[in-house]
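>>> Sharing a model prediction with you, sequence too.
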Amino acid sequence: FMMKVVLLVVMMTVTVMMLLFVMASLPTADAEEDTSTHPSNTHRNKGQEVSSFKNSKPHIIQVVVDDLGWNDLGWRNGNETKSFNINQMKDEGIELMRYYVFRFCSPSRSSFMTGRYPYHIGQQTFMNLNPTPGIACGINLNYSFLPEMLKPAGYTSYALGKWHLGFLTNEYTPTYRGFDHFLGYYSGAEEHFTHVKKGPFNSNAYDLANSTFETAQPCRDAVGDNGTYSTFLFGNESIRLINNHDPDTPMYMYLAWDNVHDPNEAPDYFINDNDQIKDQDRRAFAGMVQAVDQTLPKIINALKTRGMWENTIMIFTSDNGGNLGGSGNNYPLRGGKFTFWEGGIRGTAFVHSPLLPAAVQGTQWYGLAHAVDWYSTFAYLAGASTNATGLLPVDGVNIWEEMISLKPSTRKEVVVNIEKTTPGNVFSQLSNKEFGTNANTFTRLGRGEIGNSPYESNYPVLQQCDEDNVLQRYLFKPYPTQNGHTSDNGVVIEGTICDLSGVNCFNQKQSEQNTIFYNNPNKFVSNSYFAINSSNHLYLPALQNTECIESPSAGAMLQQVPCDGQQSWQYNPATQQLEVTFQNMSKLCVGQSSPAPVGPNGTMLTFGSIITSDMMKYMLGYPGEGNAGWDGWVPLPEIASQPEQKPCLQGCLYNLTSDPTERNNVIAQYPELAEQLRARVFELAQGEVTIKDSGLCPTSTYTSPDPKCVAKAKETGFWEPWLNT
């Protein structure tokens, strides 16, 4: 009996020792965190061959390349541009094939930082947070930016490069919105070497800040004629931050390159290395691509040296389509930056990481995704919460598990944009006259309808256009500029001019004193509100029925002046025109032949668009930006083909699966689906938050330039917060 007992004890001892050995060989989770559903645990269960995590929370690097077009990287353009390193990163990662951003910069970045659609935070209009400094606008402080959301999960966060989300006070700047350190610029663009940014009222100043925690200050050492090229500046700072970072502390790095936004500037050796490209601007553009391509591997090497790369997820994304006016290329997609065609909103993106399952490295994911989704996805990766992060719930969804398993997205739709025609969305932007030599950004805004002063005896009346009459187009008389060149933005010669749609026209006469009237293509139902804009979406403050407009000279900023009580705007339903009669009995009538789409409860829509999970894209309203040439398919430098004039005013429907280049409007074949999607657009419009209601521009200057900003810049030489108390 004793021998049996001894034998039993020996067997139990051996069994326990074997169990202990097996358990010791298994990866262990942090005792304070349940990792049963964490992505790191999911990866290992799928047989991923990587070293076990030192820290269950991955480092996250979000790389944003500014104005990168669909056809601007080597794997799509036959290596016209030398993006060999980026190509390899994509080949080792997962490329997102149905990924959407906004049509230009600031709204996309606000989606990255808040997880909300632009139309929920006042970013849906053409204002683009006025890319030139000077307006007191920024994303509502009640929204927690991405690094603020990650901070409770233990993350240290760094921001480098472009901000473009507001800087009227310190509270709107990166280190007050969750980032621990920021080296970059506040506005929408800058010179790449000198870091000069032109502003309103012919002002110039440097736009470069070097801020840590609650210290927001200019960066004075890298600006001017001997300034540091932006890609090198931000790349080197990224490496410095990585070298000084504790590898055991999870890191979020937002690396928002200045490249490849215009002006097209790069070191000479990059430009000369692209002499295979004959077009000079495109060659410089390719040099900017190459600068980013050669800097990214150095950042990855720094992560490897610090032992961080094995626990890092890198997201590469564009913020909008390529700028056709800045040598960008989106071919074969239609349109480009500033438009809601696929060339303006289909983003280039991939995920590159050693944490990806081996089976999906080098694949493409066709799940529907939007820029807002990174907010929720990063929260999932970090074990953070998106609850109570803003006035409205997040619009993003966590795409991680579907993406790494190549399954369909949980998204039912992408809201491209919603913008109602309402006084709350009226805003002001100065023309290129007020911005002096800031031609790159504002030349397209200088073309306007120039009419005679209301104080002259025969003020012209707006008439409906004859769309077949070639004389009813812009008729400009070039005038000499300061540098001796001529411009097509001069005084209109006598005749009739129309907007680019060929729909709205003015009879014109030459005049020594001109007023610029920007015609709104939408129908007005009362005389209490009159928004003035051009086909280029150049808005000015609402004109009330007790106000008139005058301007001291052609191209000067419009000014509102009191009327004498005899001049009142009246809406004429018979002509669908808004009319005012002046003391001298001359009359101004503003109307349209194509009223805005009207939905339930009289809701008027400037533009609305959604993309369904089966890739049916519905658009209601003009998706372009006013330049008819950009509504087509543009393999630079020449325009390949021209589409119909001002499409989608009554609705368009495209099957993006069979027709990703949007050449065939199939709305006539699917009337029931079109009606359902139209109803959905108007349903979404009920939840739109206007500029006015969003708190985007909280001061008395609203969307107009604040002279105090310019005064501060002249005092310090830098664009920096100017309303601190």
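Looks like it arrived, so ask away. Predicted model only: the values in this text are computed from it and were never measured.
>>> Quick one: low-confidence residue ranges for this structure.
Scanning the chain for pLDDT under 70 picks out 1-55, 423, 426, 428-596, 626-628, 635-646.
>>> And the helices in the stretch 551-700 of the chain?
Remark: helices assigned in the stretch 551-700 of the chain by DSSP state H, counting those that start in this stretch are 671-685, 691-694.
>>> With mean neighbour count and distance to residue 385 added, can I get these in CSV?
Glycine gets a C-beta too; all of them are placed from N, C-alpha and C. Shown next, in CSV, are those (neighbours: other CB atoms under 10 Å; distance: least, CB to CB, whole Å):
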stretch, mean neighbour count, distance to residue 385
helix 671-685, 17, 26
helix 691-694, 19, 24
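>>> And the ones you listed: which comes nearest residue 249?
Evaluated with CB to CB, the helices of the stretch 551-700 of the chain place helix 691-694 nearest to residue 249, the distance being 34.6 Å.
>>> Which SSE is immediately downstream of the closest one?
As assigned by DSSP states H and E, the chain's next helix or strand after helix 691-694 is helix 707-716.
>>> In terms of secondary structure, what does the one helix or strand residue 242 maps to contact?
Taking DSSP H and E as the criterion, residue 242 maps to helix 230-243. For helix 230-243, the packing partners by 3 or more CB pairs under 8 Å, 6 or more residues apart in numbering; DSSP states H and E come out as strand 156-162, strand 181-185, strand 251-256, helix 280-305.
>>> Go through that helix and flag the buried ones.
For helix 230-243, burial by neighbour count (16 or more other CB atoms under 10 Å) applies to 230-231, 233-239, 241-242.
>>> The closest residue to residue 270 other than its chain neighbours: what's it in contact with?
Once flanking residues are discounted, residue 270 sits nearest to residue 287: 3.5 Å by CB to CB, 6 or more residues apart in numbering. Taking CB atoms under 8 Å, 6 or more residues apart in numbering as the criterion, residue 287 is in contact with 264, 266-267, 270-271, 273-274.
>>> what's the closest of the buried residues of helix 230-243 to residue 655?
When those are ranked by distance to residue 655 (CB to CB), residue 231 comes first, at 39.4 Å.
>>> Let me know whether that closest one touches residue 257 as I believe.
Yes - contact between residue 231 and residue 257 holds when scored by CB atoms under 8 Å: they sit 6.4 Å apart.
>>> and the residue nearest to residue 422 when sequence neighbours are not counted, what is it in contact with?
Using CB to CB, 6+ apart and skipping residues adjacent in sequence, the residue nearest residue 422 is residue 690, 6.0 Å away. Contacts for residue 690 (CB under 8 Å, 6+ apart) come out as 122, 420, 422, 424-425.
>>> run the last query once more with 10 Å
Residue 690 makes contact with 119, 122, 124-125, 419-420, 422-426, 696 under the criterion CB atoms under 10 Å, 6 or more residues apart in numbering.
>>> quick one on the thing from earlier: out of the helices of the stretch 551-700 of the chain, which gets nearest to residue 152?
Checked against CB to CB, the stretch from the helices of the stretch 551-700 of the chain lying closest is helix 691-694, at 25.8 Å.
>>> Mind listing residues that contact the closest one?
Residues contacting helix 691-694 (CB under 10 Å, 6+ apart): 118-125, 127, 137, 139-140, 143, 391, 422-427, 539, 688, 697, 702-703.
>>> how does it look with 8 Å?
121-123, 125, 127, 140, 423-427, 697, 703.
>>> Just the buried ones from these?
121-123, 125, 127, 140, 424-427, 697, 703.
>>> Would you mind measuring from the residue nearest to residue 422 to residue 107?
Computed as CB to CB, to the nearest Å, the residue 690 to residue 107 distance reads 14 Å.
>>> repeat for residue 622
According to CB to CB, residue 622 stands 18 Å off from residue 107.
>>> Of these two, which one has the most company?
Per other CB atoms under 10 Å, whichever of residue 622 and residue 107 has more neighbours is residue 107, with 27 against 24.
>>> My guess is the more buried one contacts residue 124. True?
Yes - counting by CB under 8 Å, residue 107 touches residue 124, with 7.1 Å between them.
>>> anything in contact with each of those two?
Counting by CB under 8 Å, 6+ apart, the common neighbours of residue 107 and residue 124 are residue 118.
>>> Following element in sequence after the helix or strand harbouring residue 401, please.
Under the criterion of DSSP H and E, residue 401 resides in helix 400-404. Proceeding N to C from helix 400-404, the next assigned helix or strand is strand 413-420, under DSSP H and E.
>>> Restricting to C-alpha, output that next one in CSV.
Provided in CSV are the C-alpha atoms of strand 413-420 (Å, rounded to 0.1, in the frame of the first residue of the first chain):
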residue,chain,number,x,y,z
GLU,A,413,-22.6,53.9,-45.7
VAL,A,414,-20.1,56.7,-46.0
VAL,A,415,-21.5,60.2,-45.7
VAL,A,416,-19.4,62.2,-48.3
ASN,A,417,-20.9,65.5,-47.2
ILE,A,418,-24.1,67.3,-46.2
GLU,A,419,-24.4,71.1,-46.6
LYS,A,420,-27.7,72.9,-46.3
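>>> So which residues make contact with that strand?
So strand 413-420 is contacted by 100, 102-103, 117-119, 124-125, 340, 345, 368-370, 395, 425, 603-613, 617, 619, 621, 680-681, 684-685, 687-688, 690 (CB under 8 Å, 6+ apart).
>>> Thank you kindly, that will do.
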